[in-house]
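Enquirer: Sharing a model that was predicted from the sequence below.
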Amino acid sequence: MNFTLLQTDQHSNARAGVISTDHGDILTPIFMPVGTAGSVKALHIRDVADDVRAQIILGNTYHLYLRPGLDVLEQAGGLHKFNGWKRPILTDSGGYQVYSLTERRKLKEEGVTFQSHIDGSKHLFTPERVMDIERCIGADIMMAFDECPPYPSEYEYAKSSMHLTHRWLDRCIDRFNTTEPKYGYQQALFPIVQGSTYRDLRIQSAEYIAAKGAEGNAIGGVAVGEPAELMYEMTELVCSILPKDRPRYLMGVGTPANILESIALGVDMFDCVMPTRNGRNGMLFTSQGIINIKNEKWKNDFSPIDEEGISFVDSNYSKAYLRHLFVAKEILGPMIASSHNLAFYLWLVSEARNHILQGDFVEWKNKMVKQLQVRL
C-alpha cells in the first residue's frame with residue numbers, strides 16, 4: 001500500500017491524497033461505508049459501487065469470524081470473492097465489539113475471552129489470532145487488535161488500557177511480519193492510538209504508534225460518548241504527532257459536521273454506521289440540512305430528496321414518494337434512504353477534497369458545517 005500526499009490546505013491541516021492498493025486507488029479524504037457482516041445493510045453490492053460510488057468498504061472481524069466463519073471465507077477465496085466487491089476492503093480488529101460486550105467478555109494479557117452474541121459459545125481473541133483471522137478475511141487494510149476504553153475512564157484505567165494496546169500491537173506486528181497474505185495481493189496493518197481523553201496519554205500513544213513506521217495509522221477510542229470538543233482536541237493533538245506521509249483514520253466518526261471538522265484537523269479516512277442506520281429510520285442527510293422523511297410536511301412535496309441533486313438516486317424519487325414508502329412500511333424506503341445517505345457522505349468528502357485542491361476549503365467548510373446541521 002502506498003499513500004501519496006497531493007496537497008495540504010494553507011489555512012488548516014486538511015489534506016488531499018491517494019491511497020494505492022492492489023484492489024485500486026482511494027482518493028482521500030474518504031468515507032468508508034460499513035459492511036459489518038460482508039454487506040452494507042439494505043444495499044446491493046452493485047448499488048454501493050455504482051450509485052453510492054464507494055471506493056472502499058469495511059468488514060467486521062468479530063461478526064465475520066462468527067458467521068459465516070473462516071472455513072467458508074477461505075474456501076470462497078476471501079471476502080472480496082465471497083461478496084463480489086472488487087475494490088479495497090478494510091477490516092476492524094474486533095476490539096470495538098469486545099468493548100461493547102462488557103458483560104460477556106473477560107479481558108487479560110493473553111487476549112479476550114468472550115461469548116458469542118449468537119449462541120453463547122466461548123471464543124478467545126488474541127493479537128495473533130486476530131491477525132490470522134484478518135489474513136483469512138483478506139482485507140487490503142487490517143487493523144491491529146486493541147482495547148477501546150469507555151468514556152469516561154479513570155486515568156489509571158486509561159493508562160493501563162493504553163499500555164495493553166501497545167503490547168498487543170507489538171504482538172500483532174510480529175504475527176503480521178511472520179505470515180503471508182493468502183490470496184495473492186498485499187495487505188497493510190494499521191496500529192490504533194488510544195489514551196481516552198487524557199492529553200499526556202494520547203501524546204504517549206501517538207508517539208509509540210508513529211515510531212512503528214506502519215503504512216497508515218488510526219485514532220481509536222473516540223465517538224464513545226465524549227463531547228465533540230474533546231474529540232476534536234484529541235484528534236488535533238494526535239494528528240500533530242502521526243507521520244504526515246501516512247494516511248490517518250479516525251474510527252467510528254461520525255456526523256457530516258464531525259467529518260468536515262476532522263478533515264480540517266488532518267484526518268484522511270472515516271467510517272460510521274450513521275448514514276445507513278439513520279437512513280433505515282427515516283433520517284436523511286442533505287446539502288441543505290437534515291430531513292425526517294416521516295414528517296407530514298413531506299406528504300405532498302414532489303421535489304427531489306436533495307434540492308441540489310446530490311444523491312445519485314435522487315432524480316428518480318421525490319420526498320413525497322419516499323415518505324409514502326416509510327409510512328407504508330415498504331422495504332424500498334430504507335433502501336433508498338440508506339443509498340441516499342451514503343451517496344451524500346461520499347459526495348461530501350469528494351467536495352472537501354475538491355476545495356482542498358482549489359485552496360478554499362476552510363471558507364467552504366465553515367459554511368457547510370452550519371448548513372448541514374439545520375433541521376428542515
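Expert: All right, it came through fine.
Enquirer: ok, residue 122 - how many residues close by?
Expert: Using other Cβ atoms under 10 Å, residue 122 has 11 other residues around it. Placement of C-beta: from N, CA and C, glycine included.
Enquirer: what's the closest residue in space to it that isn't next to it in sequence in contact with, if anything?
Expert: Of all residues not flanking residue 122 in the chain, residue 115 sits nearest, at 5.8 Å (Cβ to Cβ, 6 or more residues apart in numbering). Listed by Cβ atoms under 8 Å, 6 or more residues apart in numbering, the contact set of residue 115 reads 101, 104-105, 121-123.
Enquirer: list the buried ones in stretch 122-134?
Expert: 123, 125-134 (16 or more other Cβ atoms under 10 Å).
Enquirer: Same question for stretch 8-15.
Expert: Burial within stretch 8-15, assessed by neighbour count using 16+ other Cβ under 10 Å, is assigned to 9, 12-15.
Enquirer: what's the distance between the residue nearest to residue 122 and residue 195?
Expert: 28 Å (Cβ to Cβ, to the nearest Å).
Enquirer: what's the answer for residue 31, then?
Expert: 25 Å.
Enquirer: now residue 87
Expert: 32 Å.
Enquirer: What strand or helix carries residue 212?
Expert: For residue 212, there is no enclosing helix or strand under DSSP states H and E.
Enquirer: Thought residue 173 was touching it, still the case?
Expert: Yes: with contact defined as Cβ atoms under 8 Å, residue 212 reaches residue 173; the gap is 6.6 Å.
Enquirer: got any residues that touch both of the two?
Expert: residue 191.
Enquirer: Now do the helices in the protein.
Expert: 45-50, 61-66, 70-76, 79-83, 95-100, 127-137, 155-177, 199-210, 228-239, 256-265, 274-280, 319-327, 332-358, 361-372 (DSSP state H).
Enquirer: need the contact list for residue 129.
Expert: residue 111.
Enquirer: Show the pLDDT at residue 312.
Expert: With respect to pLDDT, residue 312 has a value of 61.
Enquirer: go on, residue 63?
Expert: 95.
Enquirer: Identify the residues contacting it.
Expert: So residue 63 contacts 36-37, 97 (Cβ under 8 Å, 6+ apart).
Enquirer: Recalculate using a threshold of 6 Å.
Expert: The contact partners of residue 63, by Cβ atoms under 6 Å, 6 or more residues apart in numbering, come to 36-37.
Enquirer: what do you get for residue 348?
Expert: Applying Cβ under 6 Å, 6+ apart, the residues near residue 348 are residue 256.
Enquirer: what about it, distance to residue 81?
Expert: 31 Å.
Enquirer: and if you look at residue 205?
Expert: Taking Cβ to Cβ, one finds residue 205 at 36 Å from residue 81.
Enquirer: more crowded one of those two?
Expert: Set residue 205 next to residue 81 and count neighbours by other Cβ under 10 Å: residue 205 wins out with 29 against 14.
Enquirer: For that one, report the pLDDT, please.
Expert: So residue 205 comes in at 98 (pLDDT).
Enquirer: Residue 117 - how many residues pack around it?
Expert: With other Cβ under 10 Å as criterion, residue 117 counts 13.
Enquirer: Next: residue 108.
Expert: 10.
Enquirer: Tell me who's in contact with it.
Expert: Contacts of residue 108 by Cβ under 6 Å, 6+ apart: none found.
Enquirer: Against residue 66, how distant is it?
Expert: With Cβ to Cβ as the criterion, residue 108 and residue 66 are 21 Å apart.
Enquirer: Please apply the same query to residue 160.
Expert: As for residue 160, its distance to residue 66 is 28 Å (criterion: Cβ to Cβ).
Enquirer: Comparing these two, which residue is more hemmed in?
Expert: residue 66 (19 against 14).
Enquirer: isn't that one right up against residue 117?
Expert: No: Residue 66 lies out of contact with residue 117 (Cβ atoms under 6 Å); the separation is 8.0 Å.
Enquirer: The closest residue in space to residue 284 that isn't next to it in sequence and residue 301, how far apart?
Expert: In space, and not counting its chain neighbours, residue 284 is closest to residue 291: 4.3 Å by Cβ to Cβ, 6+ apart. Separation of residue 291 from residue 301 (Cβ to Cβ): 10 Å.
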